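> What follows is a predicted protein model with its sequence.
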Amino acid sequence: MVERCFRNAFFGFLSVCGVWFYGLVVVVWSGFDFMRKVWTYRRKGRKGVYVAWYENGRQRCKALPNKTLADHFAKIKYQQLNSDVFLSTINMGWNDACSEFLVRYERMGLARSTKKQAEMFLKRFTAICRPTGTKSITQRMIDRYFIQRQRQNISDFTVNKDVERAKTLMVWLQKNQYHPGGLDITKLKTASPKTRAMTDEQIARLVAAAPHIEWKIRIVLGLSTGLRKTDLYNIQLSDVDLDSRWVNLVQKKTGKEYSGPVPDDLIGPLKMYLAGRTDHMNQKPDANKNLFRVTAAGWLDKEFRKFRPGNETIQSLRKTYSTRIESTSISTEMLGHASKSVARTFYNDMDYIKWIRVNQLPIKKWLDF
């Protein structure tokens, strides 16, 4: 009797252990099976490499021209299929990652100049750091890149632009699980730039000192539109509509469209200048398409240094325009910057704005009791 009870208890224990072990095996196996597989293969008599995977209970495949593209697509598809359980990172090839990163600029509809700046950053980063894959990017590599950039005698503001591009790249890599992240990328500390706008007296002296009528019109047009140096030099006759009194062009630096009015007081001098303009010698064949043909850029910089203590250039015309616009409480987005803080920091003379606004106060009316 005792033996029978012991035997029944023993076999009951074994059955319980068997059920528990079977359940453990099923759980482990289901866990491995839950990771959806992606594989590559070739077909006899057909060109290219095929990528296959299971989705919604059906096998699907995609043909690609070579093995490199097939492996690249297989890694992306594997990450997409296992996005709910995949917690690790994929070491994507550096060239493939750069190509995929640049595609996002076209998908987001950004300007071609923005994509070009990203391409230049990736080329510089590749030349200095030489990464082999996305997971090979380390803190030491990032630090070496920015140290090398600082040694190239460029401004800290230019280096900070690369800092922003590096942050954008690392956020994208981490989002797509191509890099674990955790790198410290911070901007350089920079002194606040001193922005100086021109006063009415200085503008009059500059226009009076202009050696040619084209320079006089060019200075006033720069002060009236806020165009960049390259746009002011290359503006064409077709960009200026004197009838509607408007300027429409594509900015050289950003690739964005600029549209702005021409002051009424400038229309008359512009028409007189165009009516009396004569051909100049030693000009390029397409020079007659440009509104201005005198390109002595060094003259204006030299004139600025005569009565301005700083290192002012033709960009001071743009700063003066931004300051005058800001003094009338009009938005400075027409400068073509991504944010108002850029114009406020680098182009607006806040002291001059305060002077304009203080003098607009009705002081006489207040004193008239």
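Thanks, I have the structure now.

> The stretch 151-300 of the chain: helices as residue ranges?
Along the stretch 151-300 of the chain, the segments classed as helices by DSSP state H, counting those that start in this stretch run 156-175, 200-208, 213-225, 229-234, 264-275, 297-307.

> Give the next helix or strand downstream of the last one.
Tracing the chain C-terminally past helix 297-307 and defining elements by DSSP states H and E, one meets helix 315-327 next.

> Check the average confidence over the very next helix or strand once past that next one, would you?
Downstream of helix 315-327, the first helix or strand assigned by DSSP H and E is helix 340-346. Across helix 340-346, the average pLDDT comes to 73.

> same question, stretch 270-280
79.

> what about Ala197, neighbour count?
For Ala197, the count of nearby residues is 24 (other Cβ atoms under 10 Å). (Glycine included, C-beta is placed from N, CA and C.)

> correct me, but it touches Thr323?
Yes: Ala197 lies in contact with Thr323 (Cβ atoms under 8 Å); the separation is 3.8 Å.

> what sits in contact with each of those two?
Contact with both Ala197 and Thr323 is made by residues 348-349, 352, according to Cβ atoms under 8 Å, 6 or more residues apart in numbering.

> Now neighbour count, distance to Leu291 and secondary structure too, for these, in a markdown table please.
Converted to a markdown table, the shared contacts of Ala197 and Thr323 look like this (neighbours: other Cβ atoms under 10 Å; distance: Cβ to Cβ, whole Å; DSSP: H, G, I helix; E, B strand; the rest coil):
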| residue | neighbour count | distance to Leu291 | secondary structure |
| --- | --- | --- | --- |
| Asn348 | 22 | 27 | coil |
| Asp349 | 22 | 28 | coil |
| Tyr352 | 19 | 29 | helix |
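
> okay, these in a markdown table with distance to Ala118 next?
As requested, the shared contacts of Ala197 and Thr323 are arranged in a markdown table below (distance: Cβ to Cβ, whole Å):
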| residue | distance to Ala118 |
| --- | --- |
| Asn348 | 28 |
| Asp349 | 33 |
| Tyr352 | 36 |
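
> List just the nearest of those residues to Pro180.
Taking Cβ to Cβ as the measure, Pro180 sits nearest to Asn348 out of the shared contacts of Ala197 and Thr323, at 41.8 Å.

> Now do the contacts for the closest one.
Per Cβ under 8 Å, 6+ apart, neighbours of Asn348: 195, 197, 319, 322-323, 326, 332.

> ok, 6 Å please
Shown in contact with Asn348 (Cβ atoms under 6 Å, 6 or more residues apart in numbering): 322-323, 326.

> coming back round to it: deepest of the helices of the stretch 151-300 of the chain, which one?
helix 213-225 (a mean of 20; mean count of other Cβ atoms under 10 Å).

> so how far is that helix off the chain centroid?
Computed by Cα atoms, centre = their mean, to the nearest Å, the chain-centroid distance of helix 213-225 equals 30 Å.

> what does stretch 214-229 give?
Once both centres are worked out by Cα atoms, centre = their mean, stretch 214-229 turns out to sit 27 Å from its chain's centre.

> buried set for stretch 255-263?
Within stretch 255-263, the residues that count as buried by 16 or more other Cβ atoms under 10 Å are 258, 262.

> average pLDDT across it?
Stretch 255-263 carries an average pLDDT of 83.

> With just CA atoms, put that stretch into CSV.
The C-alpha trace of stretch 255-263 is given here as CSV (Å, rounded to 0.1, in the frame of the first residue of the first chain):
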residue,chain,number,x,y,z
GLY,A,255,17.8,78.2,-53.2
LYS,A,256,14.6,79.8,-51.8
GLU,A,257,12.5,82.3,-53.6
TYR,A,258,12.8,86.0,-52.6
SER,A,259,9.9,88.4,-53.2
GLY,A,260,9.9,91.9,-52.0
PRO,A,261,8.8,95.4,-53.0
VAL,A,262,10.9,98.2,-54.5
PRO,A,263,10.4,101.6,-52.8
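
> centre of the chain versus that stretch, how much separation?
21 Å.

> Excluding its own residues, what touches it? List them.
Residues from elsewhere that reach stretch 255-263 (Cβ under 6 Å, 6+ apart): 111-113, 224-225, 245-251, 334, 336.

> same thing but 8 Å
Counting by Cβ under 8 Å, 6+ apart, 111-114, 221, 224-227, 231, 240, 242, 245-251, 270, 334, 336 sit against stretch 255-263.

> how about the nearest residue to the residue nearest the centre of the chain, chain neighbours excluded?
Residue closest to the mean C-alpha point of the chain, counted by Cα atoms, centre = their mean, is Thr114 at 4.6 Å. Distance criterion Cβ to Cβ, 6 or more residues apart in numbering; nearest residue to Thr114, sequence neighbours excluded, is Tyr105 at 6.1 Å.
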